[in-house]
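K.L.:
The following block contains a protein sequence and its predicted model.
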Amino acid sequence: MESKDTLKFTNDVLVAPMLAVLAIWTVFWVEVKFHVNLNHFGVYPRALTGLRGIVLSPFIHGSLEHLYNNTIPLAVLTAFLFYFYRSVAVKVFILGVLISGLVTWVMARPSYHIGASGLIYVLASFIFFKGILAKNYRLVALSLIVVFIYGSMIWYIFPIEEEISWEGHLSGFLTGLLLAFTTKVKLPAVRKYAWEHEDYNEDEDPFLRHFDADGNFIENLDEAEEEIQIKYHYKESGNED
């Protein structure tokens, strides 16, 4: 059974996306600065040398446009993952890279497959399906947000454009779905208000005290509750001469 957790903001929510974005931009800067092309370090299907691309390909991008298109989704989805699923975030991130890369290596066309888009599809797929499976209103809402922002990505798991690695996208999508079904997460704890607890006493509620048993508002509550005590003092009369 999935246990409860409390959502709270931690440094990982900022640090993880920043490191991911910094990594892909640093590799691209190295390529431009030193006039090198690292595309051959991508995933090349069914070749032993292509296995290194499983780990290296997410850092390599073919152009500035390619890099820019992956930067914002990678940052946003990584932040979502580390905020809402922080107990399994690192596991999902690492397994997402390895499994999606391996599936791409097995099924893709003979070409170098590069870019962080496979990982992006892992994150989007995992966050969407896990939220639906968890049946937690916060996580379901997050799933709907992901669909609203990145729902159009679904079309790119099909071979609609020759130059796009739809195999990498499909691999990421299926990997995210697999991890959503197999990964146990801590669900966000549902906050209970004071009146929802079993030991709640309505008579002590500062708001309900202003109403009587019939729901009528009690004016001048303080005066109504104030005890008026009348003390009588008796003085014994003495014998007068």
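P.N.:
On my side now, so go ahead. Values in this document were obtained by computation on a predicted structure and should not be read as measured data. Numbers count the residues shown, from 1 in each chain.

K.L.:
Identify each buried residue in the lengthiest helix in the chain, please.
P.N.:
Longest helix in the chain by number of residues (criterion: DSSP state H): helix 12-34. Going by neighbour count (16 or more other C-beta atoms under 10 Å), the buried part of helix 12-34 is D12, V13, A16, P17, A20, V21, I24, V27, F28, E31. From N, CA and C alone the C-beta is placed, and that goes for glycine too.

K.L.:
mind giving me the domain ranges of the chain?
P.N.:
Per automatic domain parsing, the domain ranges recorded for the chain read 4-188, 194-225.

K.L.:
Adding mean pLDDT, write those out as JSON lines.
P.N.:
Below are those laid out as JSON lines (pLDDT from 0 to 100):
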{"stretch": "domain 4-188", "mean pLDDT": "95"}
{"stretch": "domain 194-225", "mean pLDDT": "58"}
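
K.L.:
can you pull out the helices in this protein?
P.N.:
For the chain, the helices defined by DSSP H occupy 12-34, 53-56, 64-84, 89-107, 117-134, 137-150, 166-182, 221-225.

K.L.:
Test my guess that V97 contacts Y121.
P.N.:
No - checked against C-beta atoms under 8 Å, the pair V97 and Y121 is beyond contact range at 11.6 Å.

K.L.:
what's the most buried one of the domains of the chain?
P.N.:
domain 4-188 (a mean of 18; mean count of other C-beta atoms under 10 Å).

K.L.:
what separates that domain from the chain centre, distance-wise?
P.N.:
Relative to its chain's centre, domain 4-188 lies at 14 Å (C-alpha atoms, centre = their mean, to the nearest Å).

K.L.:
Now do the same contact list for L139.
P.N.:
Counting by C-beta atoms under 8 Å, 6 or more residues apart in numbering, L139 touches F84, K130, G131, L187, P188.

K.L.:
correct me, but V30 touches V36?
P.N.:
Yes - with contacts counted by C-beta under 8 Å, V30 reaches V36, the gap being 7.1 Å.

K.L.:
Setting the sequence-adjacent residues aside, check what's closest to L102.
P.N.:
For L102, ignoring the flanking residues on the chain, the nearest one in space by C-beta to C-beta, 6 or more residues apart in numbering is I54 at 5.8 Å.

K.L.:
so the one you found touches G101, yeah?
P.N.:
Yes - with contact defined as C-beta under 8 Å, I54 reaches G101; the gap is 3.2 Å.

K.L.:
residues bridging contact with the two, i.e. touching both?
P.N.:
Shared contacts of I54 and G101 (C-beta under 8 Å, 6+ apart): V43.

K.L.:
how near is the residue nearest to N70 when sequence neighbours are not counted to V140?
P.N.:
Distances taken as C-beta to C-beta, 6+ apart put A116 closest to N70, at 4.6 Å, once the chain neighbours are dropped. As judged by C-beta to C-beta, to the nearest Å, A116 and V140 stand 27 Å apart.

K.L.:
now do E167
P.N.:
Note on E167: its distance to V140, by C-beta to C-beta, is 30 Å.

K.L.:
And F181, by the same measure?
P.N.:
Taking C-beta to C-beta, one finds F181 at 16 Å from V140.

K.L.:
Could you pull up the residues touching V27?
P.N.:
Contact analysis of V27 by C-beta under 8 Å, 6+ apart lists L38, F59, I60, H61.

K.L.:
gap between it and G96?
P.N.:
Distance of V27 to G96, given as C-beta to C-beta: 19 Å.

K.L.:
Could you do V30 as well?
P.N.:
Distance from V30 to G96, counting by C-beta to C-beta: 24 Å.

K.L.:
same deal with F148?
P.N.:
From F148 over to G96 the distance is 22 Å, taken as C-beta to C-beta.
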